[in-house]
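A.B. asks: any chance you can model this:
(2 chains)
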Amino acid sequence: MADENWKPKIIAIICNWCSYAGADLAGGARIQYPPDIRAVRVMCTGRVDPLFIMKAFQDGADGVLVSGCHFGDCHYLEGNYKAAKRMFLLKSVLKNIGLEDKRLRMTFVSASEGAKWGHVMDDVIKTVSELGPSPLKEFAR
Amino acid sequence: MAEVKKYEEPRIGVYVCHCGTNIAGSIDVKAVMEYARTLPNVIVADDYQYMCSTPGQNKIAEAIKEQKLTGIVVAACSPRLHEPTFRAATKEGGLNPFRFEMANIREQNSWVHMHQPEEATEKAKDSVRIAVAKASLLEDLIPKSVPVEKTAMVVGGGVGGMQAALDLASAGIKTYLVEKEPTIGGRMSQLDKTFPTLDCSQCILTPKMVDVFRHENIELLTYTEVEEVEGYIGNFDVTLRKKARGVITPEEATARGIIGGGCTGCGDCVEVCPVIKPNPFELGMAPMKAIYVYHPQVSPLIYTVDFDSCVKCGLCVDACGNERKAIDLDAKDELMTVKVGTVILATGYEIFPIEKKFEWGYKNYDNVITSLEFERLICASGPTGGHLIRPSDGETPKKIAFVLCAGSRDNTGVGKPYCSRFCCMYSLKHAHQVIEKIPGAVPYIFYMDIRSFGKMYEEFYYRIQDEGAKFIRGRVASILEDPVTKNLHVNAEDTLLGRPIDMEVDMVVLAAAIQPTAETEKTRRLFGVSCSQDGWLLEAHPKLNPCGTTTAGVYLAGVCQGPKDIPDTVAQAEGAASAASIPIHRGEVELEPYFAVCLEDKCAGCGMCVYQCPYGALSLIEKDGRTVMHVTEAKCKGCGTCGGFCPGGAIWMQHFTTPQIVAQIDAFLLGGEQ
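C.D. replies: Below is the predicted model:
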């Protein structure tokens, strides 16, 4: 179904303290990964309203990544736990409305894990690429 | 979604930075700038070699004035690096500094897509579009100033912590020095000599310990651990657990009405105590009673009851007598809370459990010891009075092998990948001590590289070579014990001569790797400090902010941040003390105004957000006959967890508002070419 030139559109909502810093570290270390993800920075993944993710899918996103601190490491104590709970629930909602729940991913990358950020990028892009374009794409706009 | 507030017509200026070739090397900066000109609300777009330079910043300030801009976007490096710079430039142009948004096209673009210039350029265009969308909705924000408590806390009483506490206290700041052991002094008090000067470690340390004890601005809290931390820069409430010591100081005795009482450090109690256990300060190589001081120079000189082994026979209480009444075997842990403005962590290190490298036989073979055990054995105040002996038979070893990088620079997954940084130098010092103290003894040093990088270190290396130490370049593969003589066979490859070696020696000293202390993990979580992959505490910036952390008001000193020797530890401690005193001397700090705000007309007063807040910043109040949520700004740290949860969209997270984030999402997914 996807044409040869199709590239996934993936949005990453990432926390300032861990994952954003980890992504910066990956840059400093010149770790190379595919350029299909665009990042939006928030202070904490706790800020991520599930409606943001629904909005992204409604807008035609092929995948959404939410990435925060490791459990126990949250700059705001427990925002990442709350985000993880919401993402868990949201995944079941996505399944129920017929969207592959693999299109939504939550990861935990610390400020010192530049290499891990690179792996996460590779993996998320690979997963979403295999799934192909989002079925919601035609409803976008 | 929350209703978009009314704004004036947005007028955005976009600036794309080349960063030399850092960005321009893989991104077509001109194309990104031309693209920005086509975006809605963009009034000016420009590019420049180095936006962070003075001319670059001036462009921003001038354009704000000339073009009456309402928002600025700079596409350059990470906001974690230069957001403060460009906010200042925005402010200089007469605009509120929070009307600035950064597009990260370096760390998260040009540097990670170096070989895909077309895709990188497209990504940069998207990033600019996303940033413009947010900038169009930015509002004026006013940072909140809060007063700073004029006290500081140092956690860890080793040489780094002591230096930091002395500096803070001498700058007129009341300082709490918290140490988990019964005495300050840390690792340095276990060492015999220090390289390269061969100063006696205790001789240069004990004056500092006395200074700390006597300083009028230092409140020394030994045998105390951090239990809980609340608050933020300027206003930390730290709960401390004063562990039951079983012995009271003269001051505490006076407070209890025992005039002339309290521990004088006489040691009468030790004489009568029937419990004998290994002394951890001597690494188990000497005995200790259940009531103890580690060594004669402890500070404070107060005995401590080890309640884990005490049988509560009461003999010590009798020996102490009715006048001093210093011993209280029913003592319990006490909690106390102190308020401090800033905190320095100096939690140090411990020795890597080198028995995990089973091929070297530590703990299996009697005559394989660690370098810290060597320090105690060669130290005049140590268990053998400074006579180096073989643990197996008490004989003086004549042929001693020193194994460097024991567990350091080890990529097998068992040891540590990093260099522990001081083992080369102290092993050279050990070699010197062997030659000096034992006539005819020869030290053999098995090394990978000798890293003698400091001032006068290389010279020290030459000196030890001249003194007759033998150097063999090769990593020790295995050590085997002769079961009869208890001598050891060291197997290695001499990589300079290119041949295997099987050397029989009397003793092996492993220069074991170091690792963060067991308590470091707990302490860093209490203070919200990140750690690097190896568990060392993470500095705010490895080059330009090595003493700070990402938690405002918390600073680092010494080995807890990464392996370093005594001079570097002391230097960093002085740096951390200086950094920690700045907010205190200024008297107030500005907090980023990312507070939650309740949109009262939308708030249903359900109160579910109240339980989301980890800081207890939210509460329900009655207002105009309705129940609405109320934010206590001083407690709100701006994480937005409430805002991500509110079912009614009634929480306005300043600078990360729902309309702003949705605009970013829309800009990416709907705004570009489909």
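A.B. asks: give me the low-pLDDT residue ranges for the chain?
C.D. replies: Defaulting to chain A. Segments of chain A classed as low confidence (criterion: pLDDT under 70) are A:1-2, A:140-141.
A.B. asks: nope, chain B
C.D. replies: Residue ranges of chain B with pLDDT under 70: B:1-7, B:672-674.
A.B. asks: of all residues in it, which one is nearest the centre?
C.D. replies: Nearest to the mean C-alpha position of chain B, counting by C-alpha atoms, centre = their mean, stands residue B:537 at 3.4 Å.
A.B. asks: ok, that residue - contacts?
C.D. replies: The neighbours of residue B:537, taking C-beta atoms under 8 Å, 6 or more residues apart in numbering or on different chains as the test, are B:345, B:347, B:516, B:520, B:524, B:529, B:530, B:531, B:549, B:556, B:560, B:561. Glycine gets a C-beta too; all of them are placed from N, C-alpha and C.
A.B. asks: can you do 10 Å?
C.D. replies: For residue B:537, the residues meeting the contact criterion (C-beta atoms under 10 Å, 6 or more residues apart in numbering or on different chains) are B:345-347, B:516, B:520-521, B:523-524, B:527, B:529-531, B:549, B:554, B:556-562.
A.B. asks: same thing with residue B:397?
C.D. replies: If a contact means C-beta under 10 Å, 6+ apart, then residue B:397 has B:367, B:388-390, B:434, B:438, B:441, B:443, B:487, B:505-509 as its contacts.
A.B. asks: identify, from these, the entry nearest to residue B:633.
C.D. replies: Ranking those by separation from residue B:633, with C-beta to C-beta as the measure, puts residue B:509 on top at 58.2 Å.
A.B. asks: tell me how many other residues crowd that closest one.
C.D. replies: Neighbour count of residue B:509, defined by other C-beta atoms under 10 Å in any protein chain shown: 30.
A.B. asks: how about it, secondary structure?
C.D. replies: strand (DSSP: H, G, I helix; E, B strand; the rest coil).
A.B. asks: how much space between it and chain A?
C.D. replies: Counting by C-beta to the nearest C-beta, to the nearest Å, the gap between residue B:509 and chain A amounts to 32 Å.
A.B. asks: I'd guessed that residue sits against residue B:390; true?
C.D. replies: No. Shown here, residue B:509 and residue B:390 do not form a contact pair, counting by C-beta atoms under 10 Å, at 11.6 Å.
A.B. asks: show me what the spatially most central residue of chain A is bridged to.
C.D. replies: By C-alpha atoms, centre = their mean, the mean C-alpha position of chain A lies nearest to residue A:65, the distance being 0.6 Å. Legend: beta-bridge partners of residue A:65 under DSSP bridges are residue A:12, residue A:105.
A.B. asks: am I right that it is in contact with residue A:108?
C.D. replies: No. Counting by C-beta under 10 Å, residue A:108 is not a contact partner of residue A:65; they are 11.5 Å apart.
A.B. asks: find residues that contact each of those two.
C.D. replies: Overlap between the contact sets of residue A:65 and residue A:108, as judged by C-beta under 10 Å, 6+ apart, is given by A:19, A:120.
A.B. asks: show me what the closest residue to residue B:404 other than its chain neighbours is bridged to.
C.D. replies: Here the nearest residue to residue B:404 in space, its sequence neighbours aside, is residue B:447; by C-beta to C-beta, 6 or more residues apart in numbering or on different chains that works out to 4.4 Å. On the basis of DSSP bridges, residue B:447 is bridged to residue B:473.
A.B. asks: mind listing what residue B:447 touches?
C.D. replies: The contact partners of residue B:447, taken as C-beta under 10 Å, 6+ apart, are B:402-405, B:423-424, B:427-428, B:471-476, B:511.
A.B. asks: among the contacts of residue B:397, which ones are in helices?
C.D. replies: Within those, membership in helices is found for residue B:434, as judged by DSSP state H.
A.B. asks: okay, buried residues for the strand or helix carrying residue B:120 please.
C.D. replies: Under the criterion of DSSP states H and E, residue B:120 resides in helix B:117-135. Along helix B:117-135, these residues count as buried under the neighbour rule (16 or more other C-beta atoms under 10 Å in any protein chain shown): B:119-135.
A.B. asks: can you narrow the residues you listed to ones near chain A?
C.D. replies: Counting by C-beta under 10 Å from any C-beta of the partner chain, B:119, B:120, B:121, B:122, B:123, B:124, B:126, B:127, B:129, B:130, B:131, B:134 from those sit close to chain A.
A.B. asks: can you redo the residues you listed as CSV with distance to residue B:110?
C.D. replies: Rendered in CSV, the data for these read as follows (distance: C-beta to C-beta, whole Å):
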residue, distance to residue B:110
B:119, 11
B:120, 6
B:121, 9
B:122, 13
B:123, 9
B:124, 8
B:126, 14
B:127, 11
B:129, 17
B:130, 17
B:131, 16
B:134, 21
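A.B. asks: which of those residues sit farthest apart?
C.D. replies: Longest distance between any two of these is 22.8 Å, between B:119 and B:134; criterion C-beta to C-beta.
A.B. asks: which bits of the stretch 1-150 of chain B sit near chain A?
C.D. replies: If contact is defined as C-beta under 10 Å from any C-beta, the residues of the stretch 1-150 of chain B in contact with chain A are B:1, B:22, B:77-81, B:101-102, B:104, B:106-116, B:118-124, B:126-127, B:129-131, B:134.
A.B. asks: hmm, 7 Å instead?
C.D. replies: The stretch 1-150 of chain B comes close to chain A at residues B:1, B:78, B:80, B:106-108, B:111-116, B:119-120, B:123, B:126-127, B:130, as judged by C-beta under 7 Å from any C-beta of the partner chain.
A.B. asks: go on, the stretch 451-600 of chain B?
C.D. replies: Residues of the stretch 451-600 of chain B lying near chain A by C-beta under 7 Å from any C-beta: B:525, B:528, B:530, B:532, B:533, B:538, B:550, B:594.
A.B. asks: before we move on, back to that, what is in contact with residue B:509 and residue B:390 at once?
C.D. replies: When contacts are counted by C-beta atoms under 7 Å, 6 or more residues apart in numbering or on different chains, the set common to residue B:509 and residue B:390 is empty.
A.B. asks: per-domain residue ranges of chain B.
C.D. replies: Domain assignment for chain B, taken from automatic domain parsing, gives B:12-143, B:151-242+B:337-348+B:518-586, B:250-332, B:351-515, B:596-654.
A.B. asks: need these in CSV with distance to residue A:96, can you?
C.D. replies: Formatted as CSV, the entries for these read as follows, by distance: least, C-beta to C-beta, whole Å:
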stretch, distance to residue A:96
domain B:12-143, 30
domain B:151-242+B:337-348+B:518-586, 37
domain B:250-332, 55
domain B:351-515, 43
domain B:596-654, 19
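A.B. asks: buried residues in the lengthiest helix in chain B?
C.D. replies: As far as residue count goes, and with DSSP H defining each element, the longest helix of chain B is helix B:566-586. If you call a residue buried by 16+ other C-beta under 10 Å, then helix B:566-586 has these buried ones: B:566, B:568-577, B:579-581, B:583-584.
A.B. asks: one more: stretch B:9-24?
C.D. replies: So, applying 16+ other C-beta under 10 Å, buried residues of stretch B:9-24: B:10-19, B:22-24.
A.B. asks: narrow the residues you listed to those in strands?
C.D. replies: With strands identified by DSSP state E, the entries of the buried residues of stretch B:9-24 that belong to them are B:12, B:13, B:14, B:15, B:16, B:17.
A.B. asks: run through the bridge partners of the last one.
C.D. replies: It stands for residue B:17. Here residue B:17 sits in beta bridges with residue B:48, as judged by DSSP bridges.
A.B. asks: now do the first one
C.D. replies: Beta-bridge pairing for residue B:12 (DSSP bridges): residue B:42, residue B:71.
A.B. asks: nearest to residue B:273 among the buried residues of stretch B:9-24?
C.D. replies: The shortest approach to residue B:273 among those belongs to residue B:22, at 66.8 Å (C-beta to C-beta).
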